[in-house]
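[1] this is a predicted model, with the sequence first.
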Amino acid sequence: MQRRRVISQVSLAVGLVGPGAVGKALLEQLRVAIPKLQREGINLEVRSILNANQMLLAKEQATLDLSNWDEDLIAKGSDASLGVMTEHLKASDAPHRVIIDCTPSAVVPRFYPKWMEQGIHVVTPNKRLNSGPFAAYSAVKSLQASGAAHYMYEGTVGAGLPIISTLKNMLDTGDDAFSGTLAGTLSYIFNTLKPSDKFSEVVWGARRRGYTEPDLNEDLGGVDSTRKITTLARECGMQLEMGDVQTESLIPASMGGPANLQQFMAELAKGDEDWSRRLQEVEDAGEVIRFIGSYDAESGVCQVGPRRILRSHPLASLTGTEIMVSFTTARYSSPSLVIRGPGAGPAVTASGVFGDIIRLARYLGAHS
Ligand SMILES: NC(=O)C1=CN([C@@H]2O[C@H](COP(=O)(O)OP(=O)(O)OC[C@H]3O[C@@H](n4cnc5c(N)ncnc54)[C@H](OP(=O)(O)O)[C@@H]3O)[C@@H](O)[C@H]2O)C=CC1
Ligand SMILES: N[C@@H](CC=O)C(=O)O
């Protein structure tokens with residue numbers, strides 16, 4: 001095939017906030033892909049990396065060395081400041097700027113409006129803005145609609161799976177998404193757990209593999225699933241707050257308030273026998289448990305919680321981190337549109353974020 005000559009280049013200065021499990025995987029994916037993207041007319045110039053304490057800023061108009069950024073961050077980093085990082089990014093001679101928020105923080109999203117007002121695009125897998133107070137969410141969506149800057153968040157629901165983009169396509173082309181279910185958040189845990197297993201050990205396995213939220217309360221309390229359902233329902237035009245979702249937690253009330261990880265795991269282990277009994281009873285009835293979230297735009301009812309389903313149900317066949325999202329719409333009514341695949345983990349989430357960055361470069365003029 002004849003190679004197309006690159007006649008236009010799109011250069012984007014990139015600032016990454018949160019080089020944790022997902023951020024680190026993204027930096028590695030960028031390191032590998034940048035030379036190929038350059039040949040295709042997309043120049044991604046990583047100019048800053050910032051964690052909760054430190055930041056690494058590129059000198060002059062150079063870009064950071066992505067093969068050694070973690071050592072450089074320790075050896076050459078300065079105190080973290082989102083304000084300083086923003087000014088540094090603005091000083092770049094690249095015509096476009098994007099900040100990637102890979103933190104679980106509620107503080108970082110407060111900067112999105114400021115960034116977007118200055119023409120800085122935002123890409124994120126952080127669910128806080130889309131599921132936080134409606135007024136803050138709505139302010140960012142209004143800025144996006146005004147053309148100030150792009151705001152992209154595919155990674156917030158289902159990691160790298162094309163859930164947000166599919167829903168947007170359906171709505172943009174005039175379909176009517178009136179209900180949806182999202183099954184398998186906490187997927188790894190319920191897809192893996194057998195009556196003979198210890199619940200707390202399976203939870204720990206999910207943690208070790210990077211599938212959980214940094215704060216386990218978010219997963220087991222059903223908060224993370226509630227964030228995703230809130231995001232999808234808002235995408236469909238519902239004006240709801242997280243509190244409007246009927247959420248069933250897996251954390252026993254007896255566990256009390258926030259604890260450190262060790263205490264949390266020790267408390268959780270006290271419920272292992274109860275879980276084994278419950279699972280045995282479910283298995284004996286020919287059923288399994290899946291953690292399911294659903295929204296219904298017609299009735300406005302949004303629910304999240306563990307549900308017993310028959311072993312013959314499609315959701316019962318999920319394995320590992322697989323999730324399944326089904327949309328029932330005017331066009332996709334019988335059968336519904338179903339998206340199924342791994343819905344958690346650093347590499348797949350990073351690829352969802354990376355996909356948004358490339359889509360952004362194309363919105364800004366790069367060839368498709
Ligand atoms: N893991 C997954 O499968 C998925 C994750 N996500 C989302 O991706 C995001 C990142 O998750 P993950 O990588 O697992 O989390 P990690 O805990 O591994 O990493 C979090 C990173 O954010 C940094 N950070 C935290 N607070 C701040 C702050 N206020 N300012 C600057 N940096 C901060 C941390 O810095 P430090 O190390 O210094 O504390 C760390 O670098 C989360 O929003 C999560 O919900 C979405 C879909 C799937
Ligand atoms: N902890 C989350 C990971 C991605 O959002 C989940 O289990 O779904």
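    Perfect, I can see it now. Numbering: from 1, shown residues only. Ligands and ions are numbered 1, 2, ... in the order given.

[2] other SSEs contacting the helix or strand where Ser294 lies?
    Ser294 belongs to strand 287-296 when assigned by DSSP states H and E. In terms of contacts (3 or more Cβ pairs under 8 Å, 6 or more residues apart in numbering; DSSP states H and E), strand 287-296 is packed against strand 177-183, helix 187-192, helix 223-235, helix 272-284, strand 301-310. Where you see a C-beta, it was placed from the backbone N, CA and C, and this is true even at glycine.

[3] that one vs helix 223-235, what angle?
    Relative orientation of strand 287-296 and helix 223-235, computed by axes from the mean of the first three to the mean of the last three Cα atoms, to 10 degrees: 30 degrees.

[4] report the buried residues of strand 287-296.
    287-296 (16 or more other Cβ atoms under 10 Å).

[5] point out the most buried one among the helices and strands packed on strand 287-296.
    Using mean count of other Cβ atoms under 10 Å, the stretch among those with the largest mean neighbour count is helix 223-235, at a mean of 25.

[6] what's in contact with that helix?
    Residues outside helix 223-235 that contact it (Cβ atoms under 8 Å, 6 or more residues apart in numbering): 127-128, 130-131, 134, 137, 153, 156-158, 163-164, 167-168, 171, 180, 182, 185-186, 213, 217-218, 240-242, 245, 247, 291, 293-295, 297, 302-304.

[7] in this protein, where is pLDDT below threshold?
    1-7, 184-185, 256-258 (pLDDT under 70).

[8] need the residues of it near ligand 2, please.
    159, 185-186, 211-213, 219, 224, 343-344 (Cβ under 6 Å from any ligand atom).

[9] try 5 Å this time
    The chain comes close to ligand 2 at residues 185, 212-213, 219, 224, 344, as judged by Cβ under 5 Å from any ligand atom.

[10] got the helices and strands packed on strand 287-296 as JSON lines, with distance to ligand 1 columns?
    Shown next, in JSON lines, are the helices and strands packed on strand 287-296 (distance: least, Cβ to the nearest ligand atom, whole Å):
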{"stretch": "strand 177-183", "distance to ligand 1": "13"}
{"stretch": "helix 187-192", "distance to ligand 1": "10"}
{"stretch": "helix 223-235", "distance to ligand 1": "7"}
{"stretch": "helix 272-284", "distance to ligand 1": "23"}
{"stretch": "strand 301-310", "distance to ligand 1": "16"}
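
[11] any idea which of the buried residues of strand 287-296 is closest to Phe199?
    For the buried residues of strand 287-296, the closest approach to Phe199 (Cβ to Cβ) belongs to Ile289, at 11.0 Å.

[12] report the separation between the closest one and Thr321.
    To Thr321, Ile289 is 16 Å away according to Cβ to Cβ, to the nearest Å.

[13] what of Asp93?
    To Thr321, Asp93 is 41 Å away according to Cβ to Cβ.

[14] and these two? Which one has more around it.
    Higher neighbour count among Asp93 and Thr321: Thr321, with 21 against 9, using other Cβ atoms under 10 Å.

[15] need the residues of the chain next to ligand 2 in CSV with secondary structure, can you?
    Formatted as CSV, these follow (DSSP: H, G, I helix; E, B strand; the rest coil):
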residue, secondary structure
Thr185, coil
Thr212, coil
Glu213, coil
Asp219, helix
Asp224, helix
Ala344, coil
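
[16] closest to Lys114 out of these?
    Glu213 (25.7 Å).

[17] how close does Asn191 get to ligand 2?
    Going from Asn191 to ligand 2 by Cβ to the nearest ligand atom, to the nearest Å gives 11 Å.

[18] please disregard the earlier target; I meant Arg208.
    Distance of Arg208 to ligand 2, computed by Cβ to the nearest ligand atom: 13 Å.

[19] again with Ile292
    Distance of Ile292 to ligand 2, given as Cβ to the nearest ligand atom: 12 Å.

[20] tell me what that residue is bridged to.
    Ile292 has these beta-bridge partners by DSSP bridges: Ala183, Gly305.

[21] residues in contact with Ile339?
    Ile339 makes contacts with 158, 161-163, 166, 324-326, as judged by Cβ under 8 Å, 6+ apart.

[22] just the buried residues of the residues you listed.
    The neighbour-count test (16+ other Cβ under 10 Å) marks 158, 161-163, 166, 324-326 as buried among those.

[23] next, format those as JSON lines and append secondary structure and distance to ligand 1.
    JSON lines is the format used below for these (DSSP: H, G, I helix; E, B strand; the rest coil; distance: Cβ to the nearest ligand atom, whole Å):
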{"residue": "Gly158", "secondary structure": "coil", "distance to ligand 1": "8"}
{"residue": "Leu161", "secondary structure": "coil", "distance to ligand 1": "10"}
{"residue": "Pro162", "secondary structure": "coil", "distance to ligand 1": "14"}
{"residue": "Ile163", "secondary structure": "helix", "distance to ligand 1": "11"}
{"residue": "Thr166", "secondary structure": "helix", "distance to ligand 1": "17"}
{"residue": "Met324", "secondary structure": "strand", "distance to ligand 1": "16"}
{"residue": "Val325", "secondary structure": "strand", "distance to ligand 1": "14"}
{"residue": "Ser326", "secondary structure": "strand", "distance to ligand 1": "19"}
